[in-house]
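In: Let's see this in three dimensions:
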Amino acid sequence: MLGSILTFFFCLLVHLLLTSPYHRPLSKLNWSLQVSAVVAAMLSVSARIGLVFQHSHTLGSEWPYMLDYVEVDLPATNWEVAESAAWYMLEAIVVGLVHITNIQFLSLLFPSTVEVRMICGMLVPLAVLASGVNFASLSSDQGTIDLGDAIRNV
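Out: Now for the predicted structure:
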């Protein structure tokens, strides 16, 4: 599954690069945001693939030589707080870039000042909340973790 997602992002990046002579003159900011979001998402998926391979190698090197076929928990439960914070920071950057790209694209579709202010006024706080809620999992309070998961899964 992760390989398919990475392939999709790679195709999207190639498409953005090949259409840059036409896309960039229309909106340099939108093109830059799209490329940044795709590269950040590719880094996130690549890191996830690397960690899954590392976990599989560790499990497959010891008796009973079996692999987890369901899912590998990321961030792992044995990670330090700094490692988990770095992982959640990467996720927050990806979520933030994707939301900012969509908000900026909506402001291109509705160019009047009132509409842009309305779009930004309503969606920017939600984008910041979506990025920040990733860090709720660092809390030691189970209620905070559950609330963060509920908000993230909406």
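In: Could you check how far residue 21 is from residue 31?
Out: Spatial separation of residue 21 from residue 31 under the definition CB to CB, to the nearest Å is 10 Å. Heads up, the C-betas are built off the backbone N, CA and C, glycines and all.
In: neighbour count winner among those two?
Out: Here residue 21 and residue 31 are compared on neighbour count by other CB atoms under 10 Å; more neighbours surround residue 31, at 19 against 8.
In: Surely the more buried one and residue 24 touch.
Out: Yes: A contact is recorded between residue 31 and residue 24 when judged using CB atoms under 8 Å, the distance being 4.8 Å.
In: Can you give me the domain assignment for the protein?
Out: Taking automatic domain parsing as the domain assignment, the ranges for the chain are 1-74, 80-154.
In: I'd like those domains laid out as CSV, including mean pLDDT.
Out: As requested, the domains of the chain are arranged in CSV below (pLDDT from 0 to 100):
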stretch, mean pLDDT
domain 1-74, 92
domain 80-154, 92
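In: and the lengthiest helix in the chain, what does it pack onto?
Out: Looking across the chain with DSSP state H, the single longest helix is helix 28-60. For helix 28-60, the helices and strands in contact under the criterion 3 or more CB pairs under 8 Å, 6 or more residues apart in numbering; DSSP states H and E are helix 2-18, helix 20-26, helix 81-109.
In: Let me have those in JSON lines, extended by distance to residue 42.
Out: Conversion of the helices and strands packed on helix 28-60 to JSON lines gives the following (distance: least, CB to CB, whole Å):
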{"stretch": "helix 2-18", "distance to residue 42": "5"}
{"stretch": "helix 20-26", "distance to residue 42": "17"}
{"stretch": "helix 81-109", "distance to residue 42": "10"}
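In: Residue 66 is nearest to which of these?
Out: Of all the helices and strands packed on helix 28-60, it is helix 2-18 that lies closest to residue 66, at 20.0 Å by CB to CB.
In: What's the end-to-end length of stretch 70-78?
Out: Across stretch 70-78, the straight-line distance between its terminal residues is 19 Å, by CA to CA, to the nearest Å.
In: Need the contact partners of that stretch.
Out: By CB atoms under 8 Å, 6 or more residues apart in numbering, the residues outside stretch 70-78 that reach it are 48, 51, 52, 55, 56, 83, 84, 87, 88.
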